[in-house]
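Student: the following comprises the amino acid sequence and a computationally predicted model.
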Amino acid sequence: MLQLTPSHSLHQPLLSPQSLPFSLLQTCKSQREAEQHHAISLKTGTFSHPAIASRFLSLYADPKINNLDYARSVFDQIEEPTLVSWNVLIKCYVGNQRSHDAIVLFYELLHELVPDNFTVPCVIKGCARLNAIGEGKQIHGLVLKIGLGLDKFVQSSLVSLYSKCGEIGLARKVFDQMLDRDLVTWNSLIDGYARCGEVEVAMELFDQMRERDSFSWTVLVDGLSKCGKVEMAREIFDRMPNRNLVSWNAMINGYMKSGDFEMARQLFSRMPTRDIITWNSMIAGYEFNGQFMEALELFQEILEEDIMPSHATLVSALSAVSGLATLSKGRWIHSFMVKHGFELDGVLGTSLIEMYSKCGSIECALAVFRAIDRKKLGHWTAIIVGLGMHGMADQVLELFLEMRKNGMHPHGITFIGVLNACSHAGLVDLGRYYFNLMINDYEIEPTIEHYGCFVDILCRAGCLDEAKNVIESMPMKPNKVIWMSLLSGARNHGNVEVGDYAARHLIDVSPDTVGCYVLLSNLYAAADKWEKVSQVREMMRKRGVKKDPGCSSIEHRGVLHEFIVGEKSHPRTKDIYCKLTEMREKLKSVGHVPDTSQVLLCLEEEKEKEAELENHSERLAIAYGLINLEPGSPIRIIKNLRVCNDCHSVTKLLSSIYDREIIVRDNSRFHHFRNGSCSCKDFW
DNA sequence: CTAGGGTTAG
């Protein structure tokens, strides 16, 4: 089946590569120029020389022209491509981030010719890029069959593949079989050990090496800092003879990932040169650790230094914006992206959709989504999750259908969005339906997050027994989120027995969860079990559990104003409290009676409880918004805790009293208040 | 005209 010698090698034109226009080709700078030479070559017949044809291939794939598809069509025109031309094309695919095509091409090649010691390292590199360990192993088998098993480059590429894919045992096996190991092979193996956390072995190998290059040092520094051993990484880094930019970046990345901003900053300011990756590591690190302000400050600095952000920079910056929900900043970044021609059809589109949804502007999220031409799974998922957060269950289910009609296969996260929407909208039957659809039709193994959503759906709908059954039969240990759902379901449906049960488990897995004590105490209070309420208080006191203070923020003219419950330190405090008084009067006149049932602990007097409600952070933020924002523009608020009952009804009333749209993001979803009602239909 | 090793983001 496989031909061992190219059959046409005997009919090559008698031309030596030297007599051909190689030098001319080398100077080609554009597609047009290349095509002109190509035409001449076809006319004069030199194209039939395999070396010339291959040269054209690598020319079209050259970064200067970078027209890989054209290279492919040229390849398809070669009557009987030699192995070299196949090799060139495979290499080009891998080199241009199209490893999948490279592997497909490799399988096509197998029908025609036997790959050689040039083909294999290329295609294995492609497998490594894609983490395609299965393909890699198959090719490894083939390598042994066709007798390339002892080729140094082939073996070296296999060591690298296995190291990168976490198969360190296999990497070692190939390494041990090698007769002729060089620096590159050693480095690949050390990289593998460092990546999978076998630090001691990596260090041992490093010490055994006869010679090291900067690569060896860098691999070790990066590997150590990636698996959390930043101090060890630092020791190596300090001993390193000629530190390169990559090793600085690896150290900074390691410090940032471990949350040691100080040390990262120190290196950042000390290093001789920085590149975009340095900046990205810093920005992504801050974002990863929830330090959104710092992330955005650095993003600002990049722009001030006239450095062009990369995709990665923008992804991190947009995530930071999502965290703070500073819509105007997000809009600014969006227009920056449009102005500088960043494509929205990849991850950036997903980030934008996410940013707009998390900043409360689901309309803009939808507009971005609609404007993306070739929508990918990530875009569908992002908008579905976004709509779910906004409680727009109808649209979620509609889009989910549309998505499937477009031939997309939802993945686990898409279902998180769908289930989440069902939960926020109280769609218990649909929730059951989609949970089963996911398992049976799409064969997706539910993760703990899926169980979390499903249990939440059941609990909100009051199906507490069914929820309990699901929890008891799920294959993994229930986490905090799941017990919290059950407990709050029990609270909402006044089921003390289930509440007790949930609280016991919750305190067991996560004794510091304040919400647990709050909910439990609410539950007992509602059931008039006052001795139990004081037991809960006592338990909190003994364990030193403190309630997170409520905190709300609002953006005004690009500045984020934060309000903590009851605080009086904002420069405009006087105006704010004036407004609060006005709000109280207006609320009273429309007949609002404060609902103190969820005020927690310690406050004995009804008056005190009412006062505490009035100081809830979102009220301060709303007051600030009413004073300062343009009349008619929506007031957008981000809150760290769940909105309490009283604030919810108050905000509804305020939206009609002041004729304002008020959009509140709490710790799990959005509420759109308009004309006296809320998008959550009082179900949250 | 062809071969193996490193950093960010998702």
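Tutor: Noted; the coordinates are in hand.
Student: and the helices in the stretch 151-300 of chain A?
Tutor: A:152-164, A:168-177, A:183-195, A:199-208, A:214-226, A:230-239, A:245-257, A:261-270, A:276-288, A:292-304 (DSSP state H, counting those that start in this stretch).
Student: any chance of those helices in a markdown table, with mean neighbour count, distance to A:Lys329 and mean pLDDT too?
Tutor: To be clear about C-beta, it is placed using only N, CA and C from the backbone, and glycine gets the same treatment. Below are the helices of the stretch 151-300 of chain A laid out as a markdown table (neighbours: other C-beta atoms under 10 Å; distance: least, C-beta to C-beta, whole Å; pLDDT from 0 to 100):
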| stretch | mean neighbour count | distance to A:Lys329 | mean pLDDT |
| --- | --- | --- | --- |
| helix A:152-164 | 24 | 37 | 94 |
| helix A:168-177 | 18 | 44 | 94 |
| helix A:183-195 | 23 | 36 | 92 |
| helix A:199-208 | 16 | 40 | 91 |
| helix A:214-226 | 23 | 31 | 91 |
| helix A:230-239 | 18 | 31 | 92 |
| helix A:245-257 | 23 | 22 | 93 |
| helix A:261-270 | 15 | 21 | 93 |
| helix A:276-288 | 22 | 13 | 94 |
| helix A:292-304 | 17 | 7 | 94 |
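Student: mind putting these into JSON lines with distance to A:Arg98?
Tutor: Output for the helices of the stretch 151-300 of chain A, formatted as JSON lines (distance: least, C-beta to C-beta, whole Å):
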{"stretch": "helix A:152-164", "distance to A:Arg98": "18"}
{"stretch": "helix A:168-177", "distance to A:Arg98": "25"}
{"stretch": "helix A:183-195", "distance to A:Arg98": "23"}
{"stretch": "helix A:199-208", "distance to A:Arg98": "32"}
{"stretch": "helix A:214-226", "distance to A:Arg98": "26"}
{"stretch": "helix A:230-239", "distance to A:Arg98": "33"}
{"stretch": "helix A:245-257", "distance to A:Arg98": "25"}
{"stretch": "helix A:261-270", "distance to A:Arg98": "34"}
{"stretch": "helix A:276-288", "distance to A:Arg98": "23"}
{"stretch": "helix A:292-304", "distance to A:Arg98": "30"}
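Student: any chance of JSON lines for these, columns distance to DNA strand B?
Tutor: What follows is the helices of the stretch 151-300 of chain A, written out as JSON lines (distance: least, C-beta to the nearest atom of the strand, whole Å):
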{"stretch": "helix A:152-164", "distance to DNA strand B": "3"}
{"stretch": "helix A:168-177", "distance to DNA strand B": "10"}
{"stretch": "helix A:183-195", "distance to DNA strand B": "3"}
{"stretch": "helix A:199-208", "distance to DNA strand B": "12"}
{"stretch": "helix A:214-226", "distance to DNA strand B": "3"}
{"stretch": "helix A:230-239", "distance to DNA strand B": "12"}
{"stretch": "helix A:245-257", "distance to DNA strand B": "2"}
{"stretch": "helix A:261-270", "distance to DNA strand B": "12"}
{"stretch": "helix A:276-288", "distance to DNA strand B": "3"}
{"stretch": "helix A:292-304", "distance to DNA strand B": "11"}
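Student: in PDB, could you pull the C-alpha coordinates for the lengthiest helix in chain A?
Tutor: Longest helix of chain A, by residue count under DSSP state H: helix A:573-589. Only the C-alpha atoms of helix A:573-589 are listed here, as PDB (Å, rounded to 0.1, in the frame of the first residue of the first chain):
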ATOM      1  CA  THR A 573     -22.400  62.100  52.600                       C
ATOM      2  CA  LYS A 574     -24.500  65.100  53.700                       C
ATOM      3  CA  ASP A 575     -26.300  65.200  50.400                       C
ATOM      4  CA  ILE A 576     -26.700  61.500  50.300                       C
ATOM      5  CA  TYR A 577     -28.300  61.300  53.700                       C
ATOM      6  CA  CYS A 578     -30.600  64.200  52.800                       C
ATOM      7  CA  LYS A 579     -31.700  62.300  49.800                       C
ATOM      8  CA  LEU A 580     -32.200  59.200  52.000                       C
ATOM      9  CA  THR A 581     -34.600  61.200  54.200                       C
ATOM     10  CA  GLU A 582     -36.500  62.400  51.100                       C
ATOM     11  CA  MET A 583     -36.600  58.800  49.900                       C
ATOM     12  CA  ARG A 584     -38.000  57.600  53.300                       C
ATOM     13  CA  GLU A 585     -40.700  60.200  53.100                       C
ATOM     14  CA  LYS A 586     -41.800  59.400  49.600                       C
ATOM     15  CA  LEU A 587     -41.800  55.700  50.400                       C
ATOM     16  CA  LYS A 588     -43.900  56.200  53.400                       C
ATOM     17  CA  SER A 589     -46.400  58.300  51.400                       C
END
